[in-house]
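Colleague: pasted the sequence and its predicted model underneath.
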Amino acid sequence: MSTLLENINSPADVKKLTMPELKQLARELREFIIESVSKTGGHLSSSLGCVELAIAIHYVFETPEDRLIWDVGHQAYAHKILTGRRDRMLTLRQYKGLSGFPKRSESPYDAFGAGHSSTSISAALGMAVAARAQGKTDRSHVAVIGDGAMTAGMVFEALNCAGDMKDIRLLVILNDNDCSISAPVGALNKHFTKLMSGRFYAQARDIGKAIVRPFPKLFDLTRRAEEYSKGMVSPQSTLFEEFGLNYHGPIDGHDLEALIPVLQNMKALPGPLVLHVVTEKGRGYEPAVHNPTKYHGISPFDASKGLVSSPHAKTYTEVFSDFLMDIAKEDERVVAITPAMEEGSGLVEFARTYPKRFFDVAIAEQHAATFAAGLAAEGLKPICCYYSTFSQRAFDQIVHDVALQNLPVLFAMDRGGLVGADGATHHGSFDLSFLRCIPNIVIMAPSNENDCRQMLYTGYMLDQPVVVRYPRGKGPGVPIEKQMHAIEIGKAVKVRSCGAAAGRRCAILAFGSMVEEALQIADEIDATVYDMRFVKPIDRQAVTEAVKEHDLVVTMEENVVIGGAGDACLETLASEGIKADVLQIGIPDRFIEQGTQMQLWHDCGMNKESVLKQIQERLKLEQAEP
Ligand SMILES: Cc1ncc(C[n+]2csc(CCOP(=O)(O)OP(=O)(O)O)c2C)c(N)n1
Ligand SMILES: CC(=O)[C@@H](O)[C@H](O)COP(=O)(O)O
Ligand SMILES: [Mg+2]
C-alpha cells in the first residue's frame, strides 16, 4: 500500500496536504525514523520530538529560500526526509553517506552546518542582516534551538545582538522538551519551567486554533498576533523580552493545528521573535519517551526489543570513571565538572555518589574551565571532563584562567582522535596541536587502559594543569592495576627494539591510540617502537636516541599532523641541530567525514597497510640514495 511519505519528495509536496494528511504524515515519519535509526544508529529521541515542527516549518515557510537552521542538528532527521533525502536515510552516519547533522554541501535545505551546539541564533541573525543589506526584505530566518542548547553563553551573545535590531526577520523557535542529553540543569531551566505553567500552555493552544481561519489582512493579523502574544505571556516578563525579542508561547509542539497557524502569523511579524514550543523527547517510541537519555545517541538496535546492553571490555571512559570513583573516595577535595556530558564522560556513578561534588554546568565549556580554575585556586582538586571536540570552545579559558596561573586542573580529555559516525564536527583532531603550545601544561596520551588509569593518577598528583587525552571506545584490553602510582614525567617507554639483523633500521615514535598499531607494523618490518606517553614534555632523549640509532624515524598520532605530537619531535631535533629523515603519520590537513574508525584511519593513510606502504617506500628511497 502506498504511503503518504513515499510521495513526499520536497516541502512543496508537504504544502499540498490537508490537516488530516499532515497528521498522517507525522505518524509515518515517526515509524520511518524508528525503523531507519534502528539500522543505522543515530540521534533518535531528539529527532522523534521534532517531527511536527519539521512538518509545520516546511509547510509554512518557503524553504530553502527562507532560511532554516537546526541547532546542533541532531534533531533534524524529519527535515532531512522531507527535503528529498528519504531514500538515503539508510546511509545516515555511514562512510560516504548522509551526515548525521545538517550540512550545506549535502542539501540546499541545510542552510547552515551544525554539530556543536548553540550556534543557530548567531548564524540566523547573520543571514537576516545579510538579507536586509541585500534588500531581501521578505526572506524569513528560522532558528530551531533546544532548551539544552539555550544554556550556552553564545546564545546570549546572539540574543544581546539580535534584541537591538528591530528591522530584521528572525524567528527563534525554542524547542523545549525539558531535557538536554541528561536531565536539564541550571536557573534557565527553571525559568522555562515557569513559562510552561499549565494555564498559559492551555491558553496558547486555544488561541492557536482560534486564529486559524479566516486569515485576516496583514495589518489585522499583526495587531491580533501582538495582542495574542501579550495575552499568552506570563505576568512576569520573559528573559527574551528583557533582551528585546517578542516572545510567544508556550504552545504544543506536537499539535499541528496550533503550530501551523501560529507560525503563519509569526511569519508575518517583523523584528526578532521567539516562539516557545513544548515537545516530548522520544515521542512515538515508548522506550525513548521513558528514557530519552539512553536513546539520545544510539547504535543500531532491534526496534522491537529496544537497546540491550551486553558485557564488553572496558572503554577508556569507563577506566576514567573507575579512577574518579577511587580517587574521590580517597580525597574529598576531588570534584568533577562536565559541560552537559554526564553520561558520555562516565560521570553517572560519581554524580549519584557525590552529588555535592558533581557539577553539570550545562553546555558551557568556557565556563567549565574557568569554574575549575576558581575551584583549584581555592585548594580543591577539580577534574574537568571534556570531549576533545567541545574543548575547542574553551581554548582561551584554558590558556588565560588555568595555564597562565598554573592552576592544578586535571582535564580528562575524552574522544581524542577520530570518533566515527558523528563525523567532521565531532572528531577530536586538533587538541594536541592547540594544547601543546600552551606553557605549564603536561599532556599525556595513554596507549592502554592501565596507563590511562596511572596517567590520571599522575595528573591528579601534579600541582599544575594536566591533560590526559584518550580515544572514544576501547583500548587493547590490558589488565588494569588497582594500585595507582605516578609515572615519571616526560618519559617514553621503548616497547620494542628492532633486531640486530635488521637492515635499514626504522623506529616508530607512537602516541596514545597509535601504539598498538605501531607494534603490529613493527612486527612486519622489525622496527623499534617507543610508546611516547607524553606529548608534553616530550621525551627529548628518546627522540634523539631514535634518530641516532635508526635510518628512518616515523611518528604516529591520532591528531592533525600540523602542530601535533610529531611536530614536537621535529622541534626537538631542530633545537638539537639534528637533521633526520622523519615520516609523520597523522590526520591530514582536511576535515574528515564520518565512517567507522577503521574506515577513517584508512582514509587518512593511518591504517596498518597504508603506514607500512609509506614506511617501505621511504626505506627503499633511502636505500637508493648514494
Ligand atoms: C558545544 C557542544 N557541547 C556539547 C554538545 C553535546 N550535545 C549534543 S546535543 C546536547 C543536548 C542538547 O539539548 P537540547 O538542545 O535541549 O536538544 P534535545 O536533544 O533535547 O532536543 C549536547 C549537550 C554539543 N553538540 N556541542
Ligand atoms: C549530538 C552530540 O553532540 C552528541 O550527542 C554526540 O553525538 C555524542 O557522542 P558520543 O556517542 O561519542 O557520546
Ligand atoms: Mg532539550
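Modeller: Alright, I've got the coordinates. Numbers count the residues shown, from 1 in each chain. Ligands and ions are numbered 1, 2, ... in the order given.
Colleague: so residue 192 touches residue 148, yeah?
Modeller: No: Residue 192 is beyond contact range of residue 148, at 10.6 Å (criterion: Cβ atoms under 8 Å). To be clear about C-beta, it is placed using only N, CA and C from the backbone, and glycine gets the same treatment.
Colleague: those two: which is more packed in?
Modeller: Shown here are residue 192 and residue 148; by other Cβ atoms under 10 Å, residue 148 has more neighbours (29 against 19).
Colleague: ok, the more buried one - contacts?
Modeller: Each residue near residue 148 by Cβ atoms under 8 Å, 6 or more residues apart in numbering is listed here: 117, 179, 180, 181, 184, 340, 362, 363.
Colleague: what are the phi and psi values for the residue lying closest to the fourth one once chain neighbours are set aside?
Modeller: Spelled out, that is residue 181. Counting by Cβ to Cβ, 6 or more residues apart in numbering, residue 296 is the residue found nearest to residue 181 once chain neighbours are left out, at 5.0 Å. For residue 296, the backbone dihedrals are phi -60, psi -60 (criterion: degrees, to the nearest 10).
Colleague: same question for residue 274.
Modeller: phi -130, psi 130.
Colleague: hey, C-alpha coordinates of stretch 122-136 in PDB?
Modeller: Below are the C-alpha coordinates for stretch 122-136, written out as PDB (Å, rounded to 0.1, in the frame of the first residue of the first chain):
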ATOM      1  CA  SER A 122      24.100  33.800  15.600                       C
ATOM      2  CA  ALA A 123      24.100  32.300  12.200                       C
ATOM      3  CA  ALA A 124      20.400  33.100  11.500                       C
ATOM      4  CA  LEU A 125      21.000  36.600  12.700                       C
ATOM      5  CA  GLY A 126      23.900  37.000  10.300                       C
ATOM      6  CA  MET A 127      21.700  35.800   7.500                       C
ATOM      7  CA  ALA A 128      18.900  38.100   8.500                       C
ATOM      8  CA  VAL A 129      21.300  41.100   8.500                       C
ATOM      9  CA  ALA A 130      22.700  40.000   5.100                       C
ATOM     10  CA  ALA A 131      19.100  39.800   3.700                       C
ATOM     11  CA  ARG A 132      18.500  43.300   5.000                       C
ATOM     12  CA  ALA A 133      21.700  44.500   3.300                       C
ATOM     13  CA  GLN A 134      20.700  42.800   0.100                       C
ATOM     14  CA  GLY A 135      17.200  44.200   0.100                       C
ATOM     15  CA  LYS A 136      15.600  40.700   0.500                       C
END
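Colleague: check which residues of it are buried.
Modeller: By 16 or more other Cβ atoms under 10 Å, the buried positions in stretch 122-136 come out as 122, 123, 124, 125, 127, 128, 129, 131.
Colleague: my read: the third one touches residue 71, true?
Modeller: What it means is residue 124. No: using Cβ under 8 Å, residue 124 makes no contact with residue 71, being 9.5 Å away.
Colleague: mind listing what residue 60 touches?
Modeller: Per Cβ under 8 Å, 6+ apart, neighbours of residue 60: 260, 263, 264, 267.
Colleague: which non-adjacent residue is nearest residue 528?
Modeller: residue 507 (4.1 Å).
Colleague: hang on, the one you found packs against residue 544?
Modeller: No: at 11.1 Å, residue 507 does not count as touching residue 544 under the criterion of Cβ under 8 Å.
Colleague: still on that earlier bit, need the residues touching each of residue 124 and residue 71.
Modeller: Joint contacts of residue 124 and residue 71 (Cβ under 8 Å, 6+ apart) are residue 143.
Colleague: does the residue of the stretch 251-400 of the chain at minimum distance from ligand 1 belong to a helix, a strand or coil?
Modeller: Proximity of the stretch 251-400 of the chain to ligand 1 (Cβ to the nearest ligand atom) peaks at residue 340, 3.7 Å away. Under DSSP: H, G, I helix; E, B strand; the rest coil, residue 340 falls in the coil class.
Colleague: tell me, how many residues neighbour it?
Modeller: Residue 340 has 26 nearby residues by other Cβ under 10 Å.
Colleague: stretch 244-253: which residues count as buried?
Modeller: Those would be 245, 246, 247, 248, 249, 250, 251, 252, 253, for stretch 244-253 by 16+ other Cβ under 10 Å.
Colleague: just stretch 573-585 next, same as before
Modeller: In stretch 573-585, counting by 16+ other Cβ under 10 Å, buried: 573, 580, 581, 582, 583, 584, 585.
Colleague: contacts for that stretch next, please.
Modeller: By Cβ under 8 Å, 6+ apart, stretch 573-585 touches 514, 540, 543-544, 547, 551-557, 561, 566-567, 569-570, 605-606, 611, 614-615, 618, 622.
Colleague: how does it look with 6 Å?
Modeller: 544, 547, 552, 553, 554, 555, 556, 561, 566, 606, 611, 618 (Cβ atoms under 6 Å, 6 or more residues apart in numbering).
Colleague: show the buried residues in the residues you listed.
Modeller: For the contacts of stretch 573-585, a burial check counting by 16+ other Cβ under 10 Å picks out 544, 547, 552, 553, 554, 555, 556, 561, 566, 606, 611, 618.
Colleague: I appreciate the help and will end here.
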